[in-house]
Structure formats: structure tokens, C-alpha cells
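Undergrad: Got a predicted model here, sequence first, then my questions.
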Amino acid sequence: MSGTTRDRLTPVSKTVDRPLYYDEGRGTYHAWCADADYEPVSTGLVMAVSSILEADPADLESLSDSIDPDALNALVGHWGERESQGGRNSIAFSFADCLITVYADGEIVIDPDRSLDGPIGV
């Protein structure tokens with residue numbers, strides 16, 4: 001796993017169709033897209049953000065306004081093939097006024113309180 005472990009996270013009960021976790025210490029939400037899942041990471045992150053914001057996915061801005069969904073899916077897939085070489089590849093971008101970070105292992109980290117328009121700190 002990337003920077004967190006699931007046992008340190010609190011499951012969010014309001015999600016119905018996918019596991020979603022909350023990190024109380026960081027104020028971030030976490031979801032995972034497994035390699036075996038048919039659902040691409042771009043779809044998984046839109047569904048996770050819609051759950052967090054309690055909005056219909058169709059009411060969110062288009063993901064393509066923030067990042068090319070096909071390129072994101074291909075990039076994460078490429079990372080997955082190369083993960084055995086080590087390293088923690090990730091990409092961060094703003095979507096729906098949230099900071100989204102997608103890791104090579106399929107972890108999606110959503111920070112609803114920040115976006116790339118504002119300052120980013122650790």
C-alpha cells in the first residue's frame with residue numbers, strides 16, 4: 001500500500017457500492033481499485049468523490065476538465081505492470097474542488113479540503 005494502511009482508517013458507512021475509508025488524522029478519504037476489478041480507476045475515483053460530496057456523479061464537473069481519463073487509466077495500468085521494480089508512482093490533480101492523488105497500487109486519496117489551486121503541505 002502507499003502511504004497508509006487500511007487498519008488505521010475508518011470505514012465510511014454512507015458508501016453503498018465500494019469500500020471507502022476515512023483517515024481522521026489527515027482528513028482524507030481512501031478508496032482502492034484492485035487490478036482484478038473491471039472498473040477503471042477514473043470511474044472509481046468519480047464514484048468515490050460523488051459519495052464523499054453526497055452528489056450524483058452526473059452533477060459533478062467532467063473529469064476530463066481536470067485530467068484525460070483514458071490517459072489516467074493507461075498510466076495506472078502501466079504503473080501496475082512496472083510496480084515490481086519498486087518506487088511509488090503517483091499523480092495528483094484537482095477534481096470537484098478536491099485534491100486527488102492516485103497511486104500505482106490503485107489507491108485513490110481524496111482530500112476534500114484542498115485542491116491544487118491552494119497551498120499543498122504535508
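TA: Perfect, thanks for sending it.

Undergrad: Same question for the residue positioned nearest the centre of the chain, what's its three-state structure.
TA: Most central in the chain under C-alpha atoms, centre = their mean is residue 108, positioned 2.3 Å from the mean C-alpha point. Secondary structure, DSSP: H, G, I helix; E, B strand; the rest coil: residue 108 is strand.

Undergrad: what pairs with it across the strands?
TA: residue 31, residue 102 (DSSP bridges).

Undergrad: May I have the residues that are in contact with it?
TA: Contacts of residue 108 were listed using C-beta atoms under 8 Å, 6 or more residues apart in numbering, and they are 30-33, 41, 44-45, 48, 100-102. (C-beta placed from N, C-alpha, C; glycine too.)

Undergrad: Can you lay out the residues you listed as CSV showing pLDDT?
TA: Formatted as CSV, the contacts of residue 108 follow (pLDDT from 0 to 100):
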residue, pLDDT
30, 93
31, 91
32, 86
33, 81
41, 90
44, 90
45, 92
48, 92
100, 97
101, 95
102, 93
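
Undergrad: Now do the strands for this structure: every range, in order, please.
TA: 10-11, 21-23, 28-32, 90-95, 98-103, 107-111 (DSSP state E).

Undergrad: just to revisit the earlier point, between the contacts of residue 108, which is closest to residue 73?
TA: Relative to residue 73, the closest of the contacts of residue 108 is residue 41; by C-beta to C-beta it sits at 5.8 Å.

Undergrad: Out of the strands of the chain, flag the one nearest residue 60.
TA: Among those, strand 90-95 sits nearest to residue 60 (C-beta to C-beta), with 7.9 Å.

Undergrad: Out of the strands of the chain, which gets the lowest mean score?
TA: Mean pLDDT is lowest for strand 10-11 among these, at a mean of 70.

Undergrad: Show residues contacting stretch 48-67.
TA: Stretch 48-67 has contacts (C-beta under 8 Å, 6+ apart) with 12, 14-15, 18, 20, 29, 31, 42, 45-47, 69, 91, 93-96, 98, 100, 108, 110, 112.
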